[in-house]
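>>> return atomic coordinates for the entry below.
(one chain, ligands or ions: 1)
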Amino acid sequence: MKKSVFQITGIVLVALLNFNFCHAQKKTIDQRVDSVLKLMTLDEKIGQLNQYNDDWNATGPVTLDSTKKQQVLKGQVGSLLNCVGTRRTRAWQQIAMQSRLKIPLLFGQDIIHGYKTTFPIPLAEACSWDMDAIQLSARTAATEASAAGINWTFAPMVDIARDPRWGRVMEGAGEDPYLGSAIASARVKGFQGNKLGDINSLMACAKHFAAYGAAIGGRDYNAVDMSDRLLWEVYLPPFKAALDAGAATFMNSFNDLNGVPATGNKYLQRDILKGKWNFKGFVVSDWGSVGEMINHGNVANEYEAALSAITAGSDMDMESRCYKNNLAQLVKDKKVPVALIDDAVKRILLKKFELGLFDDPYKFCNTAREEAALNNPAHTQLAREMAAKSIVLLKNEKNILPLSKNTKTIAFIGPLVKAVKQNKGFWDVEVPGVDSNFIVSQWEGLQNKIAAVTTLLYAKGCEIEGDDKSGFAEAVEAAKKSDVVILSMGERRDMSGEAKSRSNINIPGVQEDLLKELLATGKPVVVLINAGRPLVFNYTADHAPAILYTWWLGSEAGNAIADVLFGDYNPSAKLPISFPYSVGQIPIYYSHFNTGRPATNDSNRNYNSSYNDLSVFPRYEFGYGLSYTSFQYSNLQLSKKKINSHEQIAVTCAITNTGNYAGEETVQLYIRDKVGSIVRPVKELKDFKKIKLAAGETKTVSFLINKEKLSFYNEQLQWVAEPGDFELMIGASSRDIRWKSAFELVK
Ligand code: GLC
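Got it, this is the predicted structure:
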């Protein structure tokens, strides 16, 4: 290819620059960024703000574009998404290295719960309340993905969600800002590792900024309308936790917030994120969300959309092409100062330098490392352990569980028993060249565990959806021949996730009718419920003697379920989100206000905030989960009953394992501010501890209460702790309160 004088100059300049870089150790990264920026044309600067989907896969509406390669060659693309594997990423990077300034590409991917080794969906992992395990899950995912050419994950999704009609509830950490913040921090640390630039470190991306989970009606992409106080108190804390944990990037959200689309929302991106919080990373828009501001009716065309987004602090444009097609004109029209573009470009270049891509654009493209990382048995074992920790024991009448490994005959029935890929849930990664036989189905998991001793009978019984009951007879026959029945049912994995909102969250099809037939045989029935969201299953909850909520558990689903069913792992998970009796109760969450006419129990519905036709309480509450053993709480002690704002209270409580199995208990600390300048929730989670106890063992759990845990945003959005009386609750769930006490905050 003939090179112009211009290009030769650029190559010489870059060579000098590199020479300078290698030998001028004193140059800081900021100076290196400035050195590159000075060489860039406006077209190349705009190129860094442009992100395209590769043609391998799509996670949004696709724009056909056959000129991507030419654009990369001209330095008009800063990043690709949905491009995985060392071969494919290396090929694209080689093209970028032919551009004038050889600025390396970023490769972003939704590494949400694993790369090749698939971990439980994030909402399931949140049930573990085990921050070390959650961090390790993200770490493992980052180790695999970074070996496959990827250096940026669009995770963690930290959207608080209190509406299970919203399909993306599966992707987050549930309803509570305290638990959600702890998990956001753990996931960022897991993905990013010790520091950006380490070979197995991925840039994290806290998303979707902000309040995407509060979409009206639980309908994805829908409007969000809330007070600033609610935004600050509930929806922003996990983002701040992610930022404090060092999140390198943020992704804004599709929704409008109080009438202003997040992508063009200065209040969110400039005032809060880059202003008050002093965020130094960069913000990527969500897929096409810059251009979608036209649909919102907030801008009239792509020119205005680009103006709105860049002004509001959206640095990189994912897939809309509004920046590529309009920013140069906006600069020419003096609508956008180059300084604004320079700020966005510098934020992106800074991350490319921190990742080490300028020093070695192919550092993430080592095929041998990829091969080793994607076939590491330690990852498989970690996935199995995380899956077992994510399974919630909802019911266990007469201790039917754990099952004996000497059970003679088990009938394993249901549409999900032999499913394979279903176990991966939504937001899994289809790794090129890797087939799905490494995924352990539920059938295979039980075979692995008990086939030597037990006869395992199978019948599908019915499909997930539809009203065909023709398979019932075979299922009933199998049940009659068995000593115990296991029924695996639920929704399909693609019934939750992005753009998967549902108005009806009952168990679909005739699956509960099948359960009724199986129960009629008189055999004990254990039910497994596979889902990406809280479902409604009142018949099952009322009639099945044992229920495990198995979510979508990933590659090791079958082995983990077998570990729990047969007692090799004692379930310890607790729900991070309320399960309603009915979709009519939504939104439903534990940290609600008391109201002027509180509904305190279902027996009194006169002139209070009850429903006349249903309980106001959830079917299963936030923090709920059973164990094969039992725990007694005793000896609650407070070091003080009165503190000022500079003091703290030490809280201790003894926990005894009073059962026959070793197990883990998550002890939860809730606080209620009895009187506030604005009303305060009836309780708020302010700390938790997960402890292991051998049968009969007692341990003391301790917490510290300080001003921070008593503070809230008042009417003026000031973060304050107001003097007065507080109630303290120690619970095994948000409703199963084992100890109560009180204390006073004085001036
Ligand atoms: C999707 C999602 C976002 C994801 C992005 C790239 O539309 O909203 O969470 O990271 O596009 O796949």
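>>> residue 328 is in contact with residue 47, isn't it?
No. If you go by Cβ atoms under 8 Å, residue 328 and residue 47 don't touch, sitting 10.7 Å apart. Heads up, the C-betas are built off the backbone N, CA and C, glycines and all.
>>> where does the stretch 251-400 of the chain have low pLDDT?
Within the stretch 251-400 of the chain, no stretch has pLDDT under 70.
>>> so what's whichever residue of it sits closest to the ligand up against?
The stretch 251-400 of the chain approaches the ligand most closely through residue 287 (3.8 Å), counting by Cβ to the nearest ligand atom. Taking Cβ atoms under 8 Å, 6 or more residues apart in numbering, we find residue 287 in contact with 53, 59-61, 318-319.
>>> also residue 108?
So residue 108 contacts 51, 79-81, 150, 152-154, 205, 284 (Cβ under 8 Å, 6+ apart).
>>> from those, which single one is nearest residue 542?
Distance to residue 542, by Cβ to Cβ, is smallest for residue 154 among the contacts of residue 108, at 40.4 Å.
>>> how many other residues sit next to the closest one?
Residues within reach of residue 154, counting by other Cβ atoms under 10 Å, total 25.
>>> doesn't residue 107 make contact with it?
No. In this structure residue 154 lies outside contact range of residue 107 using Cβ under 8 Å: 11.4 Å.
>>> anything in contact with each of the two?
Joint contacts of residue 154 and residue 107 (Cβ under 8 Å, 6+ apart) are residue 81.
>>> residues near the one residue in the stretch 401-550 of the chain that gets nearest to the ligand, how many?
Among all residues of the stretch 401-550 of the chain, residue 498 sits closest to the ligand, at 5.6 Å; criterion: Cβ to the nearest ligand atom. If you count neighbours by other Cβ under 10 Å, residue 498 ends up with 19.
>>> tell me the contacts of it?
Contacts of residue 498 (Cβ under 8 Å, 6+ apart): 59, 167-168, 171, 220, 426-427.
>>> can I get these in JSON lines including distance to the ligand?
Shown next, in JSON lines, are the contacts of residue 498 (distance: Cβ to the nearest ligand atom, whole Å):
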{"residue": "59", "distance to the ligand": "3"}
{"residue": "167", "distance to the ligand": "11"}
{"residue": "168", "distance to the ligand": "8"}
{"residue": "171", "distance to the ligand": "8"}
{"residue": "220", "distance to the ligand": "9"}
{"residue": "426", "distance to the ligand": "11"}
{"residue": "427", "distance to the ligand": "8"}
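>>> restricted to helices, list those.
Judged by DSSP state H, helices contain none of those.
>>> which of the residues you listed has the most neighbours?
Neighbour count (other Cβ under 10 Å) singles out residue 171 as the most crowded of those, with 29 neighbours.
>>> how far away is the spatially most central residue of the chain from the ligand?
With distances taken as Cα atoms, centre = their mean, residue 172 lies nearest the centre of the chain, 3.0 Å away. According to Cβ to the nearest ligand atom, to the nearest Å, residue 172 and the ligand sit 11 Å apart.
>>> dig out what residue 671 forms beta bridges with.
Residue 671 forms beta bridges with residue 684, residue 728, as assigned by DSSP bridges.
>>> quick one: end-to-end distance for stretch 69-89.
13 Å (Cα to Cα, to the nearest Å).
>>> equivalent analysis for stretch 423-432, please.
End-to-end distance (Cα to Cα), stretch 423-432: 19 Å.
>>> re earlier: neighbour count winner among residue 328 and residue 47?
Taking neighbours as other Cβ under 10 Å, residue 328 and residue 47 compare with residue 47 leading, 23 against 18.
>>> nearest residue to the more buried one other than its sequence neighbours?
Leaving aside its sequence neighbours, residue 47 sits nearest to residue 76 (Cβ to Cβ, 6 or more residues apart in numbering; 3.7 Å).
>>> list, one by one, the residues from the protein near the ligand.
Applying Cβ under 6 Å from any ligand atom, we find that the chain lies next to the ligand at 59-60, 81, 110, 154, 207, 286-287, 498.
>>> hang on, the earlier thing: now the contacts of residue 287 in a markdown table, with distance to residue 615?
Output for the contacts of residue 287, formatted as a markdown table (distance: Cβ to Cβ, whole Å):
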| residue | distance to residue 615 |
| --- | --- |
| 53 | 46 |
| 59 | 39 |
| 60 | 40 |
| 61 | 42 |
| 318 | 43 |
| 319 | 45 |
